[in-house]
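**Q** One predicted model, sequence on top.
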Amino acid sequence: MSHTAHIPSHRKPRRSASKLALRAGVAGGVLGTIAVAGAAGPANAEPVTETIEMPTLGSLDTAGLASAVAASAETSQQEALDQSLQAQENAALQKAAKEAKKAKAEADRKAEAERAEKARAEAEAKAQAEQERKDAEERASRDRARTQLSTTSASNTGSSVSDSGSSDSGSSSSTGSSSSDGGSSAGSSTETQAPSGSAAAIVAFARAQVGDAYVRGGTGPNSWDCSGLVQAAYAAAGIDLPRISYDQSSMGTSVSLSNLQPGDILYWGSRSGSYHVAIYVGGGKYVGAQNSSTGVVEHSLDWDTPSGAVRIL
């Protein structure tokens with residue numbers, strides 16, 4: 001039989017293309033090796049008289065090869081899984097870090113806001129305590145002034161009664177000097193002297209209320225409107241006045257602004273229709289409950305010149 005003798009084929013079940021390709025490669029290698037060996041043999045070699053049965057593809061160790069391929073695929077799959085898990089873990093760590101940073105910033109912001117609110121509350125409490133202290137001092141000062149006013153008023157009333165006899169005994173000499181000076185001279189001498197008696201009580205009470213609040217319809221003790229202050233000041237001297245400003249300015253005797261005396265009532269507007277009143281306290285000044293912005297203040301006549309004045313004392 002020649003060296004090109006037919007190699008018997010063995011029918012096998014249909015296999016996959018990859019396995020067939022692998023086996024074809026192995027068979028080709030074996031056949032190529034045989035061909036090279038035959039060509040290299042001597043020229044006088046004896047003809048092949050026996051057929052050599054070649055190993056079939058089925059006899060190769062395909063089980064080990066498949067196992068190695070499967071192991072390699074499993075390793076590759078495990079590595080891909082490990083990389084995927086690592087990527088997920090890294091992403092989770094980054095997300096957690098961002099959330100922690102955001103939470104810390106929010107906590108810092110809240111803490112700062114709480115500190116600011118606490119500082120503001122402490123400042124307000126301190127300011128309120130200081131204002132309450134000042135109010136208490138002012139009330140105490142007004143109470144002392146009112147107590148002193150009551151004592152002075154009682155003392156002046158007693159001395160006025162005791163001095164009436166001596167005043168009458170010297171009336172002849174004083175009448176002569178008074179007539180020679182004229183009416184205007186009497187007015188100026190009154191202006192340069194400190195008020196006494198009821199006028200002193202009225203002036204002292206009015207000045208003691210400077211700094212109090214203005215409240216429409218207020219009648220004291222710590223807030224007033226213009227006519228409420230005038231009524232209370234005259235009440236301190238034992239004199240009753242109407243409550244409304246135009247009723248107050250309609251009482252007594254009208255006097256000119258150049259002949260004012262402490263305790264006179266100043267009015268703004270017409271005498272029978274005044275819209276504001278105040279008390280003349282001497283020295284070209286008056287005390288009045290002006291408005292909600294200023295409260296009870298003492299001003300000169302030039303600050304807001306009144307329309308006229310009346311004298312009740």
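**A** The structure has been received and is ready for your questions. Because the structure is predicted, anything quoted here is derived from the model rather than measured.

**Q** can you point me to the longest strand in the protein?
**A** If you go by DSSP state E, the chain has its longest strand at strand 273-282.

**Q** Buried ones in it, by neighbour count?
**A** 274, 276-282 (16 or more other C-beta atoms under 10 Å). To be clear about C-beta, it is placed using only N, CA and C from the backbone, and glycine gets the same treatment.

**Q** Past that strand, which element shows up next along the chain?
**A** strand 285-291 (DSSP states H and E).

**Q** Sheet-wise, list the partners of whichever helix or strand comes after that following strand with their directions.
**A** Once the chain leaves strand 285-291, the next helix or strand it forms, by DSSP H and E, is strand 295-300. In the sheet, strand 295-300 lines up against strand 285-291 (antiparallel) (DSSP bridges).

**Q** List of residues touching the strand it pairs with?
**A** For strand 285-291, the external contacting residues (C-beta atoms under 8 Å, 6 or more residues apart in numbering) are 203, 206-207, 209-210, 212, 214, 218, 224-226, 228-229, 266, 276-281, 295-301, 306.

**Q** Selecting buried members of those in PyMOL, what would you type?
**A** Selecting only the buried entries of those in PyMOL, with 16+ other C-beta under 10 Å as the criterion:
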select buried, resi 203+206+207+209+210+212+214+218+224+225+226+228+229+266+276+277+278+279+280+281+295+296+297+298+301+306
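
**Q** rewinding a little: any chance of the buried residues of strand 273-282 in CSV, with distance to Leu260 too?
**A** Formatted as CSV, the buried residues of strand 273-282 follow (distance: C-beta to C-beta, whole Å):
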residue, distance to Leu260
Ser274, 16
His276, 17
Val277, 14
Ala278, 12
Ile279, 11
Tyr280, 5
Val281, 10
Gly282, 8
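
**Q** Any stretches of the stretch 101-250 of the chain with poor pLDDT?
**A** 134-194 (pLDDT under 70).

**Q** so where do the helices sit in it?
**A** 164-169, 171-181, 183-192, 197-208, 226-236, 245-249 (DSSP state H, counting those that start in this stretch).

**Q** Just the CA trace of the fourth one, in CSV.
**A** Extracted C-alpha coordinates of helix 197-208, given in CSV (Å, rounded to 0.1, in the frame of the first residue of the first chain):
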residue,chain,number,x,y,z
GLY,A,197,-47.0,129.4,95.2
SER,A,198,-49.3,127.8,92.7
ALA,A,199,-47.2,128.9,89.7
ALA,A,200,-44.2,127.1,91.2
ALA,A,201,-46.2,124.0,91.7
ILE,A,202,-47.5,124.1,88.1
VAL,A,203,-44.0,124.7,86.7
ALA,A,204,-42.4,122.0,88.8
PHE,A,205,-45.0,119.4,87.9
ALA,A,206,-44.7,120.2,84.2
ARG,A,207,-40.9,120.0,84.2
ALA,A,208,-41.0,116.7,86.1
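
**Q** Which strands or helices does it pack on?
**A** Under the contact definition 3 or more C-beta pairs under 8 Å, 6 or more residues apart in numbering; DSSP states H and E, helix 197-208 sits against helix 62-162, helix 226-236, strand 273-282, strand 285-291.

**Q** Just put these in TSV and tack on distance to Leu313.
**A** As requested, the helices and strands packed on helix 197-208 are arranged in TSV below (distance: least, C-beta to C-beta, whole Å):
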stretch	distance to Leu313
helix 62-162	12
helix 226-236	9
strand 273-282	11
strand 285-291	16
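
**Q** Relative to Ser254, which of those is closest?
**A** strand 273-282 (11.9 Å; C-beta to C-beta).

**Q** Pairing partners for that closest one, with directions?
**A** strand 265-270 (antiparallel), strand 285-291 (antiparallel).

**Q** For Ala66, which of these is the nearest?
**A** strand 285-291 (107.5 Å).

**Q** relative orientation of that closest one and helix 226-236 in degrees?
**A** 130 degrees (axes from the mean of the first three to the mean of the last three C-alpha atoms, to 10 degrees).
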